[in-house]
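Peer 1: with the sequence up front, the predicted model follows.
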Amino acid sequence: MAANRAASPARRRAVAALSEFFSGDRRPLALPDGGPNFSDLDRDFARELVLGVLRNRARLDAEIASVSRFPLDRLQKPMREVLEVGLFQIRFLDRIPVRAAVHETVEMARTLSGEGASRLANGVLRSLLRDAPSSAPEEDAAGLAVAHSHPEFLVRRWIDRFGLSRARSILAADNVRSKATLLCDPRRGTREEIALRLRDEQVESEPNSLSRLGLSVVSGNPVRTRSFREGDFYIADAGSQVLPGLIPEGGALADLAAAPGGKTAAALFSRRFSRVFSFDRSLSRLAFLRENRVRLSLGGAMIASADVSRLPLRAGSLSRAV
């Protein structure tokens, strides 16, 4: 019999990142980077697995729960994430052979949790492969929420506001894989100048259509560049970048869920507010904001751990909040 081998590094790092994210502390998602011995292909594959599971988790979990003899919340850590990564490959990645996805998932379960876990993983995936993919009915909010992995309250709101057909289209569009977006520091040059520096380091980008300071990454890894180390940009989604610009300028602005800092950075770069306060309940999440503030030499914001219902400020001291 052939000796068992460890699952691929990309899959193992994807499971580790997901398990850490869902550990309860809800720290910012740490996308797998892997260090010098982790190839660019491995890094990209690991990130695709992590983001793919996050976009489709409710749908994946519904399928797994339908055949698992154990409730998902009772599975030994990190078996839930192992099964999610395995099933995501089977359902969404055509270039991954089903046999390889099953084998790698079983081996990873064995390595992380033992023989019993490997048998569970094999049984769950084999059961799901025997039948066509189960699908939730998409004729009501509950079915759409599972099928598209969105909160049911949000789905109900969109159905009320836009109608069932348009809400379904919005949900599908919202799950399309997006490009990484960089928030350029205007003190470091225009976004065109920063894009040229990135190109010199094998990172291709294009202007983001929503944010005047945004660049969408087309290829390459911006985190491994000198531009990143020297603070040319902040990694922040386009929504975080444009939100401060939608708030009337002037007065003090409070970022009420600040970590890891995209909205705070955008507010400071805009110079639209007299002062910026950055609050978040999680100390570990705020640590990321502080690290980024040092990297970008980003002053001008007061950072504090606080609950939105009990802010450490006197009444009336804030003009704006995001």
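Peer 2: Right, received. Where do you want to start?
Peer 1: Ala109 reaches Ala121, doesn't it?
Peer 2: Yes - using CB atoms under 8 Å, Ala109 is in contact with Ala121, at 3.9 Å. Every C-beta, even on glycine, is put in place using the N, C-alpha and C of the backbone.
Peer 1: quick check: neighbours shared by the two?
Peer 2: Jointly contacting Ala109 and Ala121 under the rule CB atoms under 8 Å, 6 or more residues apart in numbering are Met79, Val82.
Peer 1: of the two, who's got more company?
Peer 2: For Ala109 versus Ala121, neighbours defined as other CB atoms under 10 Å are more numerous around Ala109 (28 against 25).
Peer 1: check the more buried one and give its pLDDT.
Peer 2: pLDDT recorded at Ala109 is 95.
Peer 1: now Leu318
Peer 2: Looking at Leu318, its pLDDT is 63.
Peer 1: same thing with Leu313?
Peer 2: So, for Leu313, pLDDT stands at 66.
Peer 1: helices and strands around the helix ranked longest in the chain, which ones?
Peer 2: Longest helix in the chain, counting residues (DSSP state H): helix 40-67. With contacts taken as 3 or more CB pairs under 8 Å, 6 or more residues apart in numbering; DSSP states H and E, helix 40-67 sits against helix 9-21, helix 79-92, helix 115-130, helix 141-148.
Peer 1: for it, the averaged confidence score.
Peer 2: The model assigns helix 40-67 a mean pLDDT of 92.
Peer 1: now find how far off-centre it is within its chain.
Peer 2: Helix 40-67 sits 11 Å away from the centroid of its parent chain (CA atoms, centre = their mean, to the nearest Å).
Peer 1: switch to numbering from 7
Peer 2: With the count now opening at 7, the last piece we talked about shows up as helix 46-73.
Peer 1: compute the inter-axis angle for it and helix 121-136.
Peer 2: Helix 46-73 runs at 80 degrees relative to helix 121-136, counting by axes from the mean of the first three to the mean of the last three CA atoms, to 10 degrees.
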